[in-house]
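> Can you look at this prediction? I've put the sequence above it.
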Amino acid sequence: MIFRVFISLAILCALNGLGNGPALADDASSVVARVAGRPLTRDELEQKEAADLLQARYKYYLAEKAALDKLIDQELVDDEARREKVTVDQLLENHAGKQVKDPTEDQLEVFYEGLQSDQPYSAVRGQILDHIRQLRRTKAGLAYIKDLRKKANVHIALEPPAVSIGAIDAPTTGPSDASVKIIEFADYQCPYCKKVSPELKQLVDGTFAGKASLTFADFPLPMHHNAEKAAEAARCAGEQGKYWEYHDALFNNQSSLEVSDLKARAETLKLNPQKFGQCLDSGGQAPAIAKTAAAGKKLGMTGTPSFLINGHFISGATDSETLRDVIEQELASPDHHQTKTAANNQ
């Protein structure tokens with residue numbers, strides 16, 4: 001019963017949180033307001049308030065995607081229960097519940113110590129046991145549903161919100177004619193950017209080699225005082241043909257981003273120290289970085305990492321699985337991604 005309740009409540013909560021959602025976009029020339037007799041069109045609204053609208057649409061997309069995922073899982077479980085001619089509760093008990101093992105006494109005692117409870121162990125042991133059992137049963141149920149999903153033919157058509165953006169003057173790796181163009185707005189002091197960096201590299205150079213490209217658009221955040229100079233340093237290294245090597249080195253050691261550290265790192269990578277130093281000290285790369293940051297701010301970006309995948313907006317501490325899913329979705333819709341790619345190159 002617990003698995004059925006868990007799934008059903010999650011679906012209902014997600015769907016109820018959606019409300020009616022945003023209305024479908026009207027014709028760009030349609031009038032949405034009149035000010036002193038002068039019409040304001042939807043196109044004007046989209047252009048002048050793009051930042052606020054993109055963030056709102058992304059929040060709605062996340063809620064809608066969460067609801068859709070739960071609905072898909074429920075459909076898969078229902079289908080499997082019908083196939084095996086059992087109830088959903090029986091299905092989940094047979095494939096997940098029976099595999100759950102009780103914790104050992106040592107594990108229970110360790111959990112008790114972490115509670116810092118005033119009650120003696122003997123008094124709360126039963127509650128701890130029930131709690132851990134429930135956690136394990138829920139985890140096993142979710143793992144079973146995930147396995148069902150892997151085996152099923154599930155195609156997601158729901159897409160993140162999309163925007164058009166002009167050409168970004170920033171370093172790019174991957175083929176220039178890639179079917180999927182990824183623009184990452186990132187900060188060298190951002191821990192989430194560091195985490196996703198090797199995962200992005202694997203996606204672009206490995207999983208989707210020849211099909212995807214990555215543009216690193218500098219977006220140094222105000223609270224990260226060394227991020228802007230680190231971004232300049234990476235571009236200075238790029239003048240000597242080692243941008244991506246330097247880029248990786250910066251993420252490998254985020255704790256050493258003072259100017260002296262940046263120059264020492266250049267020597268480690270066997271760059272010409274005098275040329276690198278002159279580039280970094282002059283601040284000649286600062287305008288280019290300011291330009292990419294301004295492009296991100298115009299779209300309403302406030303944090304890193306943020307991504308545009310063929311124009312589709314993804315933000316926050318995104319994992320490689322989410323990025324891979326969006327890339328695969330783009331590759332599965334050639335007409336769609338060609339249109340988006342053309343829009344990005346305008």
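Nice, thanks for sending it over. Numbering: from 1, shown residues only.
> Next secondary structure element downstream of the helix or strand bottoming out on mean pLDDT in the chain?
In the chain, no helix or strand scores lower on mean pLDDT, DSSP states H and E than helix 2-16, which sits at a mean of 43. Downstream of helix 2-16, the first helix or strand assigned by DSSP states H and E is strand 31-35.
> and the nearest residue to Glu245 once chain neighbours are set aside, what does it touch?
Once flanking residues are discounted, Glu245 sits nearest to Leu269: 5.6 Å by Cβ to Cβ, 6 or more residues apart in numbering. The C-beta positions use only the backbone N, C-alpha and C, and glycine is treated the same way. Going by Cβ atoms under 8 Å, 6 or more residues apart in numbering, Leu269 touches Ala237, Lys242, Glu245, Tyr246, Ala249.
> same thing with Ala266?
Ala233, Cys236, Ala237, Tyr246, Pro273, Phe276, Gly277 are the contacts of Ala266 under Cβ under 8 Å, 6+ apart.
> can you count the residues close to the second one?
Cys236: 26 surrounding residues under other Cβ atoms under 10 Å.
> what's the answer for Ile168, then?
20.
> Distance-wise, check the residue nearest to Glu245 relative to Phe251.
14 Å (Cβ to Cβ, to the nearest Å).
> swap in Ser122?
Taking Cβ to Cβ, one finds Ser122 at 50 Å from Phe251.
> more crowded one of these two?
Shown here are Ser122 and Phe251; by other Cβ under 10 Å, Phe251 has more neighbours (19 against 8).
> Please identify which helix or strand holds the more buried one.
Per DSSP H and E: helix 243-252 holds Phe251.
> same question for the helix or strand just after that helix, mean pLDDT?
Later in the chain than helix 243-252, the nearest helix or strand by DSSP H and E is helix 259-268. Mean per-residue pLDDT for helix 259-268: 96.
> Would you mark the buried spots in stretch 296-308?
Gly296, Leu299, Gly300, Met301, Thr304, Pro305, Ser306, Phe307, Leu308 (16 or more other Cβ atoms under 10 Å).
> Narrow the residues you listed to those in helices?
Under the assignment DSSP state H, these contribute Gly296 to helices.
> so what's the closest residue to Pro171 other than its chain neighbours up against?
What sits nearest to Pro171 in space, not counting adjacent residues and going by Cβ to Cβ, 6+ apart, is Tyr243, at 4.8 Å. Tyr243 is in contact with Pro171, Ala234, Arg235, Ala237, counting by Cβ under 8 Å, 6+ apart.
> got it, and Phe185?
The contact partners of Phe185, by Cβ under 8 Å, 6+ apart, come to Ala217, Asp218, Phe219, Thr292, Gly296, Met301, Thr304, Pro305, Ser306, Phe307, Leu308.
> TSV please, covering the residues you listed and showing pLDDT and distance to Lys181.
Compiled in TSV, the contacts of Phe185 are given as follows (pLDDT from 0 to 100; distance: Cβ to Cβ, whole Å):
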residue	pLDDT	distance to Lys181
Ala217	97	12
Asp218	97	17
Phe219	97	17
Thr292	95	15
Gly296	92	16
Met301	86	17
Thr304	94	19
Pro305	94	16
Ser306	94	15
Phe307	95	11
Leu308	95	8
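> of those, closest to Gln189?
Within these, the smallest distance to Gln189 is 9.2 Å, found for Thr304 (Cβ to Cβ).
> Now the closest one, what are its backbone angles?
phi -130, psi 150 (degrees, to the nearest 10).
> hang on, it packs against Tyr192?
Yes - counting by Cβ atoms under 8 Å, Tyr192 is a contact partner of Thr304 at 6.9 Å.
> returning to what we had before: which one of the buried residues of stretch 296-308 is nearest Ala317?
Once Cβ to Cβ is applied, the member of the buried residues of stretch 296-308 that ends up nearest Ala317 is Pro305, at 8.0 Å.
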